[in-house]
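**Q** Here is a sequence with its predicted model. Questions after.
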Amino acid sequence: MVAMLCVAGLAVAQEPASPSQSGTSSQPGNDGTPPMRVSVNEVIVPVTVTDFQDRFVSDLDRSDFRIFDEGLEQKITYFSRDGKQPVVIGFLIDMSNRNVSHWKTLREAAVELVLNLMPADDSRFSGYLIPYSTTAELAVDTTNRSDKLVEKLEQLKPGGGGALYDAIYMACTRRSLMKGEPIEPRRVLIIVGDGTDTASEHGLAEVLELAQRNLVTIYGISTVAFGFGSTGEANLRRLAEETGGRVEYPLEGVYKDVSGYLSKPSDEGNYALKVGTGGYAAALAESLYQSVAAVAGEITTQYILRYVPKDTDMPRVFRRLRVEVDLPNVKIRARSGYYPYNP
């Protein structure tokens, strides 16, 4: 049985780049300069493969994969399954009023993400921090120093609106590039928030296309809690799924098996429901740990496939891809499509 899922990379019709070369990019600054540009003619496809129990399948070879670009099978020119692939990670933290009630918990999760994904003894992993409320701010520019991000996270306090799309735009246009982007290191964004946007100048479609053009994979650590929905949930899922990532929900249903949880309703408002004692803290810590481990594990356990399209089909703007893996009962996750030419 063959497992299939639509996935994508990004290609631009220029000169090919080797794995150690960077694509030619404009170096954006803080003065409204243009977004990063990629100039390689290879399509780059990060792929995650998991089994029916959501465990990573990490022992596949090049021969196990097939890639189809607009229905036409392509020849894979580069394959990697290195668990320590260089990655540059943007941590986008929702500082809006919606997160005041459980900010300490979310800050701890963000710190755990930074420490897990930017080990102090491994310079191949770098990151930057963009907290966003009514506006987005590049609080820590690209660095290999995880302690700088942790120090800034400890100082943040929530309040205001939510400019998520402006934060994504900033991540793609207003930060220092690492040598080798987007091929090595890869680009990843992790959004710690509920996906709601109330203050951005930019729109969802605009920043989604910008992320796809710049080979950014988006993950989410949702702050939706205790069964209460968010108007931005669908948008957060779309950003993640169409760029090849996924969303974790560490605060949803975490206390359902904890004795006493929500057993004493209060008249102080929905978020003031009385919570039983017992395993409250332990359940929350375990759920957060699992979500952090899932995102960190996926980022560092991906296959990287690359190919040069046989037919670039100049008039077509957005191209759909399909990846097949010659294994039964597996899930494949990656981008939904790519733009072959930057405007």
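**A** Here it is on my side, so go on.
**Q** Only C-alpha atoms from now on, for both contacts and neighbour counts.
**A** Will do.
**Q** Render the CA-only coordinates of stretch 157-165 in PDB, please.
**A** C-alpha atoms of stretch 157-165 as PDB (Å, rounded to 0.1, in the frame of the first residue of the first chain):
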ATOM      1  CA  LYS A 157       4.300  40.800  30.200                       C
ATOM      2  CA  PRO A 158       1.100  40.300  28.200                       C
ATOM      3  CA  GLY A 159      -1.300  43.000  27.300                       C
ATOM      4  CA  GLY A 160      -3.000  44.600  24.200                       C
ATOM      5  CA  GLY A 161      -4.200  43.200  20.900                       C
ATOM      6  CA  GLY A 162      -2.800  40.500  18.600                       C
ATOM      7  CA  ALA A 163      -0.700  41.300  15.500                       C
ATOM      8  CA  LEU A 164       0.100  37.800  14.400                       C
ATOM      9  CA  TYR A 165       0.300  38.400  10.700                       C
END
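**Q** From the rest of the structure, what touches that stretch?
**A** With C-alpha atoms under 8 Å, 6 or more residues apart in numbering as the test, stretch 157-165 has contacts from 94-97, 99-100, 103, 132-136, 195-204, 207.
**Q** now do stretch 61-77
**A** 79, 305-310, 319-327.
**Q** Quick check: Glu108 vs Lys148, distance?
**A** Per C-alpha to C-alpha, to the nearest Å, Glu108 is found 15 Å from Lys148.
**Q** The contacts of stretch 61-77 in strands, which ones?
**A** Of those, the ones assigned to strands by DSSP state E are Phe79, Leu305, Arg306, Tyr307, Arg319, Arg320, Leu321, Arg322, Val323, Glu324, Val325.
**Q** need those in CSV with distance to Ala163, neighbour count and pLDDT, can you?
**A** Shown next, in CSV, are the ones in strands among the contacts of stretch 61-77 (distance: C-alpha to C-alpha, whole Å; neighbours: other C-alpha atoms under 10 Å; pLDDT from 0 to 100):
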residue, distance to Ala163, neighbour count, pLDDT
Phe79, 37, 18, 93
Leu305, 33, 22, 93
Arg306, 34, 23, 92
Tyr307, 36, 20, 93
Arg319, 29, 17, 90
Arg320, 30, 17, 91
Leu321, 31, 23, 92
Arg322, 33, 21, 92
Val323, 34, 22, 93
Glu324, 37, 17, 93
Val325, 38, 21, 95
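**Q** Which pair of those residues spans the longest distance?
**A** Spatial extent of those (C-alpha to C-alpha) is set by the pair Phe79 and Arg319 at 21.1 Å.
**Q** What ranges does the stretch 51-200 of the chain have for its strands?
**A** For the stretch 51-200 of the chain, applying DSSP state E, counting those that start in this stretch gives strands covering 65-69, 72-74, 78-80, 87-94, 125-132, 140-143, 186-193.
**Q** what separates the closest residue to Glu201 other than its chain neighbours from Gly244, distance-wise?
**A** Setting aside the residues directly before and after it, Glu201 is nearest to Asp166 in space (C-alpha to C-alpha, 6 or more residues apart in numbering), at 6.5 Å. Separation of Asp166 from Gly244 (C-alpha to C-alpha) stands at 20 Å.
**Q** With neighbour numbers in mind, choose between these two.
**A** Gly244 (28 against 24; other C-alpha atoms under 10 Å).
**Q** residues in contact with the more buried one?
**A** Gly244 touches Val7, Ala8, Pro46, Val47, Thr217, Ile218, Arg333, Ala334, Arg335, Ser336, counting by C-alpha under 8 Å, 6+ apart.
**Q** Name the member of these with the most neighbours.
**A** Using other C-alpha under 10 Å as the neighbour criterion, Ala8 leads the contacts of Gly244 with 31 neighbours.
**Q** Format the CA atom coordinates belonging to the longest helix along the chain as CSV.
**A** Ranked by residue count under DSSP state H, the longest helix found in the chain is helix 280-299. What follows is helix 280-299 as a C-alpha-only set of coordinates in CSV (Å, rounded to 0.1, in the frame of the first residue of the first chain):
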residue,chain,number,x,y,z
TYR,A,280,-3.3,19.7,38.5
ALA,A,281,0.3,20.9,38.2
ALA,A,282,1.6,17.5,37.2
ALA,A,283,-1.0,17.1,34.4
LEU,A,284,-0.2,20.5,33.0
ALA,A,285,3.5,19.9,33.1
GLU,A,286,3.2,16.6,31.3
SER,A,287,1.0,18.0,28.6
LEU,A,288,3.4,20.9,27.9
TYR,A,289,6.3,18.5,27.9
GLN,A,290,4.7,16.3,25.3
SER,A,291,3.8,19.2,23.1
VAL,A,292,7.3,20.7,23.2
ALA,A,293,8.8,17.2,22.6
ALA,A,294,6.5,16.7,19.6
VAL,A,295,7.4,19.9,17.9
ALA,A,296,11.1,19.7,18.7
GLY,A,297,11.2,16.1,17.6
GLU,A,298,9.6,16.8,14.3
ILE,A,299,11.8,19.7,13.4
